[in-house]
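Student: this one's structure only:
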């Protein structure tokens with residue numbers, strides 16, 4: 001029996017969409033070229049807020065806020081993902097940081113969200129260098145152990161009947177004029193009434209042959225994991241595009257780089273040195289910790305930072321859910337909801353016009 005829907009991509013976006021579709025009673029197959037959640041999802045930090053929300057295009061900011069509101073209920077259904085409200089401390093290390101802090105403080109106050117100016121960051125986060133002055137505490141920011149989320153979603157979806165086919169590469173779409181009818185894979189064709197494209201940085205090459213332009217390209221992010229004792233760092237610490245994320249077991253995720261190097265996932269000495277140098281300038285005590293792991297992932301970036309969501313014009317049978325760049329973890333709940341609504345013919349709660357492929 002053919003599935004109703006085939007989802008291309010087994011990261012957090014594809015797994016969340018598959019589960020939402022299965023909850024709607026659809027027969028769903030997920031096709032993943034590698035293992036579930038092992039690309040951008042596994043390589044992320046798991047912060048459930050945009051790094052600089054106030055600087056985002058307004059449609060993206062609205063989408064992020066809507067998804068953040070969905071996360072508590074979304075997380076409650078999933079086992080062992082370490083959803084925790086740890087708060088985030090933003091540091092003012094220079095004029096750019098101070099401007100960003102002033103903007104985000106005003107943005108959050110306008111929306112009734114808590115913010116607390118901080119004169120001496122080390123007073124609320126002792127790991128921070130005492131010489132650093134000025135910052136902003138956002139006490140409501142949450143995080144998840146992102147390396148576990150896609151697997152937890154897949155397990156939940158599998159209980160609803162979703163068929164996950166890993167190690168199965170999508171080679172292209174099946175089609176008739178004006179319509180996608182499924183996918184060609186390394187293990188044979190899969191016919192389906194609807195196809196969801198959630199292939200992250202690999203989406204553009206799949207969409208192009210059917211006349212759909214999605215300008216998604218990979219941006220490498222390198223990360224370092226340090227072994228620390230519990231509570232050495234209690235809150236997420238953010239400065240510029242760099243961050244330190246404390247896990248419940250004391251490990252610290254330190255990142256990250258933003259590198260336009262194509263599909264190159266190597267971890268480089270330069271990247272690791274840059275990350276650690278920045279981190280030690282903020283929290284010198286981390287120098288005594290051991291390095292547990294390093295890795296790199298490819299974020300699916302778009303020129304305007306907006307993902308592609310919904311049906312592309314002129315091609316039926318295809319739904320886009322790709323291009324989430326650094327916000328894939330955060331945007332998974334709202335993206336899943338949008339995909340399920342589009343497939344069911346329901347009006348999405350979010351205006352999708354800013355996220356069209358022909359924008």
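Tutor: That came through fine. Here the structure is a predicted model, which means the values were calculated and not measured.
Student: got the buried residues for the longest helix out of those in the chain?
Tutor: In the chain, with assignment by DSSP state H, the single longest helix is helix 58-76. Neighbour-count burial for helix 58-76 flags 59-60, 63-68, 70-71, 74-75 (criterion: 16 or more other C-beta atoms under 10 Å). C-beta: built from backbone N, CA, C; applies to glycine.
Student: so after it, what's the next helix or strand?
Tutor: In the C-terminal direction, the helix or strand that comes right after helix 58-76 (DSSP states H and E) is strand 84-85.
Student: who does that following strand pair with, and is each partner parallel or antiparallel?
Tutor: Paired strands of strand 84-85, with direction, are strand 142-143 (antiparallel) (DSSP bridges).
Student: what is the burial count for residue 96?
Tutor: For residue 96, the count of nearby residues is 11 (other C-beta atoms under 10 Å).
Student: and residue 88, by the same measure?
Tutor: 22.
Student: which residues in the stretch 151-300 of the chain form helices?
Tutor: Remark: helices assigned in the stretch 151-300 of the chain by DSSP state H, counting those that start in this stretch are 203-207, 269-282.
Student: contacts only, for the closest residue to residue 313 other than its chain neighbours.
Tutor: Nearest residue to residue 313 in three dimensions, chain neighbours excluded: residue 358, at 5.5 Å (C-beta to C-beta, 6 or more residues apart in numbering). By C-beta atoms under 8 Å, 6 or more residues apart in numbering, residue 358 lies in contact with 213, 312-313.
Student: now residue 96
Tutor: Residue 96 neighbours (C-beta under 8 Å, 6+ apart): residue 240.
Student: quickly find the element holding it.
Tutor: Assigned by DSSP H and E, residue 96 belongs to helix 95-110.
Student: flag every buried residue along that helix.
Tutor: Quick answer for helix 95-110 (16+ other C-beta under 10 Å): 97, 100-101, 104-105, 107-108.
Student: ditto for stretch 189-209
Tutor: Residues 190, 192-204, 206-207 are the ones in stretch 189-209 that count as buried (16+ other C-beta under 10 Å).
Student: any chance of the contacts of residue 358 in TSV, plus neighbour count?
Tutor: Shown next, in TSV, are the contacts of residue 358 (neighbours: other C-beta atoms under 10 Å):
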residue	neighbour count
213	12
312	21
313	11
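Student: format these as TSV; extra columns: distance to residue 48.
Tutor: Below are the contacts of residue 358 laid out as TSV (distance: C-beta to C-beta, whole Å):
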residue	distance to residue 48
213	31
312	29
313	32
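Student: would CSV of those residues with distance to residue 163 and pLDDT be doable?
Tutor: Formatted as CSV, these follow (distance: C-beta to C-beta, whole Å; pLDDT from 0 to 100):
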residue, distance to residue 163, pLDDT
213, 30, 96
312, 25, 98
313, 30, 96
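Student: between these, which is closest to residue 149?
Tutor: Minimum distance to residue 149 across the contacts of residue 358 is 27.4 Å, recorded for residue 312 (C-beta to C-beta).
Student: how is the protein carved up into domains?
Tutor: 5-45+147-216+304-355, 88-140+217-301 (automatic domain parsing).
Student: can you tell which of the ones you listed is closest to residue 53?
Tutor: Of all the domains of the chain, it is domain 88-140+217-301 that lies closest to residue 53, at 6.3 Å by C-beta to C-beta.
Student: sorry, back to before: between which two of the buried residues of stretch 189-209 is the distance greatest?
Tutor: 193 and 201 (26.7 Å).
Student: point out where the stretch 201-350 of the chain drops to low pLDDT.
Tutor: Residues of the stretch 201-350 of the chain meeting the criterion pLDDT under 70: none.
Student: for the buried residues of helix 95-110, give me a markdown table that also has pLDDT and distance to residue 135.
Tutor: A markdown table is the format used below for these (pLDDT from 0 to 100; distance: C-beta to C-beta, whole Å):
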| residue | pLDDT | distance to residue 135 |
| --- | --- | --- |
| 97 | 89 | 8 |
| 100 | 88 | 11 |
| 101 | 92 | 7 |
| 104 | 91 | 11 |
| 105 | 93 | 11 |
| 107 | 89 | 16 |
| 108 | 90 | 14 |
